[in-house]
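Asker: Next input, structure requested:
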Amino acid sequence: MANHISNSLYDNMEYFHSALKISKSFDIIYRMLPVGGRNACIYFIDGFVKDDIMEKLLEFFYSLTPEDLPETSQDLSQNYIPYVEVDMLEEKEEIVTNILSGVVCLLIDGYEKCFAIDCRTYPMRSVEEPGKDKTLRGSRDGFVETVVFNTALIRRRIRDPQLVMEMLNAGESSKTDIVLCYMQDRADEKLLDNLREKITSLKVDALTMSQESLAEAIYRRKWYNPFPKFKYTERPDTTAASILDGKIAILVDNAPTAILLPATIFDILEEADDYYFPPITGTYLRLSRFIIALMSLVLTPIWLLFMQNTSWIPEWLSFIKVAGELHVPILVQLLILEFAIDGLKLAAVNTPQTLSTPLSVIAGIVVGEFAVKSGWFNAETMLYMAFVAIANYTQSNFELGYALKFMRIILLLLVGLFNFWGLAAGILITFCFMLFNRTISGESYLYPLIPFNASRLAKRLFRKRAE
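Answerer: This next block holds a predicted model:
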């Protein structure tokens with residue numbers, strides 16, 4: 001077949017030299033060598049190869065005599081080449097993809113198969129604890145950008161033959177490796193087939209933003225709904241626990257994050273610390289996170305409602321009234337601060353680490369004390385918005401924080417325009433966004449609250465003793 005390599009080494013070399021642009025790409029290297037009295041050529045990417053292993057392989061190939069060389073490629077692959085991971089390839093495109101992925105490919109004159117020796121290594125950082133997904137107690141390792149190391153971190157925690165690591169790829173140019181991790185006897189087979197079909201049928205040139213590009217490609221419905229459809233984690237222990245619970249984890253090469261499916265609002269609000277402490281402490285942490293997330297959504301809209309209707313404020317709450325003179329309407333103050341907080345976040349992200357502390361001090365002084373003295377903001381407005389800003393950091397999911405932020409801005413605008421009925425309408429809109437949202441498997445986003453399941457809901461809210 002035209003797509004298969006031939007038994008002529010030089011015909012094969014002519015094709016691969018042209019396909020790989022050998023004369024233009026300095027890092028794609030080929031080397032001629034004798035293997036058992038036959039001419040051979042080896043292709044590899046400079047920087048992806050372990051030098052010590054290559055030296056031993058070359059030493060072995062140079063030492064082969066014609067009498068040592070077996071007649072069949074299968075015999076040579078299984079019994080002679082002294083390396084663990086050796087595959088035989090025959091399709092030209094597959095060989096090109098393997099070479100560009102860092103696999104060493106050996107072509108020998110007279111053989112109609114290519115020997116793919118997977119002795120590659122990728123530049124990577126250490127498996128240190130992720131900066132965003134930290135725990136007070138627990139393991140201190142985290143995912144890295146190399147998918148093989150990430151699967152090993154999961155395998156280390158689940159030593160069960162039912163654990164399956166299924167390799168797929170997507171992207172016409174990038175051919176990005178994607179791994180589906182699941183327990184064969186616990187995962188939803190229908191969801192698994194659906195994911196496999198969507199990934200294999202993707203018609204994209206490249207997953208330029210790795211897991212986010214994949215997430216948007218496999219879930220295209222309701223893009224306008226800001227509530228997250230996936231749970232992301234950089235922690236191997238969280239991923240392993242979710243897989244054991246019947247969920248499917250998706251690992252994308254070049255991304256230090258696992259996507260956990262399916263994910264409800266209760267899954268997204270959970271954190272590893274809930275399980276690394278005794279039941280009563282874990283329950284307190286979980287309920288505190290739920291309550292603070294709710295308060296971050298409704299605190300400023302309810303306070304704005306009271307400021308627009310001061311006669312509704314009971315005597316024992318009279319201290320919440322604005323004490324100073326109002327130069328800027330409260331609604332405008334709150335909206336400005338919503339955007340100002342994001343501005344400070346972006347500044348902190350793009351500030352060199354050595355200057356981040358001075359920036360925080362300057363921002364705290366200027367935005368705090370001087371902003372109040374200038375008359376732009378009142379002290380009460382600054383206080384409530386400071387609580388909201390801090391409350392966003394009580395849960396680790398970045399997308400959920402911004403979903404609550406968007407809903408809060410809608411609530412503020414509706415309260416400013418329609419008073420109490422605006423608050424009621426805003427809460428209803430927020431609830432509908434969650435109610436009509438669906439997980440990727442089509443289940444309710446609010447399960448086990450809707451549809452109601454008392455035992456499952458109790459398990460979600462209260463940390464029970466491990467069985």
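Asker: What is the burial count for Ile108?
Answerer: 25 (other C-beta atoms under 10 Å). Placement of C-beta: from N, CA and C, glycine included.
Asker: For it, give me phi and psi.
Answerer: phi -120, psi 130 (degrees, to the nearest 10).
Asker: Same question for Gly131.
Answerer: Backbone geometry at Gly131, expressed as degrees, to the nearest 10, gives phi -70, psi -30.
Asker: quick one: it from Arg140, how far?
Answerer: 12 Å (C-beta to C-beta, to the nearest Å).
Asker: Then Thr151?
Answerer: When Thr151 is compared with Arg140 (using C-beta to C-beta), they lie 19 Å apart.
Asker: Between those two, point out the one with more neighbours.
Answerer: Set Thr151 next to Arg140 and count neighbours by other C-beta under 10 Å: Thr151 wins out with 19 against 10.
Asker: Can you read off the pLDDT for the more buried one?
Answerer: For Thr151, the model assigns a pLDDT of 93.
Asker: was I right about it contacting Met165?
Answerer: Yes: shown here, Thr151 and Met165 form a contact pair, counting by C-beta atoms under 8 Å, at 5.1 Å.
Asker: what's the overlap in contacts for these two?
Answerer: Shared contacts of Thr151 and Met165 (C-beta atoms under 8 Å, 6 or more residues apart in numbering): Val179, Cys181.
Asker: How about the helix of greatest length in the chain, which residues are buried there?
Answerer: Ranked by residue count under DSSP state H, the longest helix found in the chain is helix 398-435. Neighbour-count burial for helix 398-435 flags 400-401, 403-405, 407-412, 414-416, 422-423, 425-427, 430, 433-434 (criterion: 16 or more other C-beta atoms under 10 Å).
Asker: which residues touch the residue most central in space within the chain?
Answerer: Residue closest to the mean C-alpha point of the chain, counted by C-alpha atoms, centre = their mean, is Thr257 at 3.3 Å. The contact partners of Thr257, by C-beta under 8 Å, 6+ apart, come to Phe143, Gln211, Tyr232, Thr233, Glu234.
Asker: same deal with Asn350?
Answerer: Per C-beta under 8 Å, 6+ apart, neighbours of Asn350: none.
Asker: cool, Tyr30 as well?
Answerer: Taking C-beta under 8 Å, 6+ apart, one finds Met13, Phe16, His17, Ile22, Cys41, Ile42, Tyr43 in contact with Tyr30.
Asker: next one: phi and psi at His4?
Answerer: phi -100, psi 150.
Asker: Which residue is the nearest non-sequential neighbour of it?
Answerer: Glu90 (5.0 Å; C-beta to C-beta, 6 or more residues apart in numbering).
Asker: cool, and Ser444?
Answerer: Nearest non-adjacent residue to Ser444 (C-beta to C-beta, 6+ apart): Ile450, at 5.5 Å.
Asker: A strand includes that neighbour, no?
Answerer: No: with DSSP: H, G, I helix; E, B strand; the rest coil as the criterion, Ile450 is assigned coil and is not in a strand.
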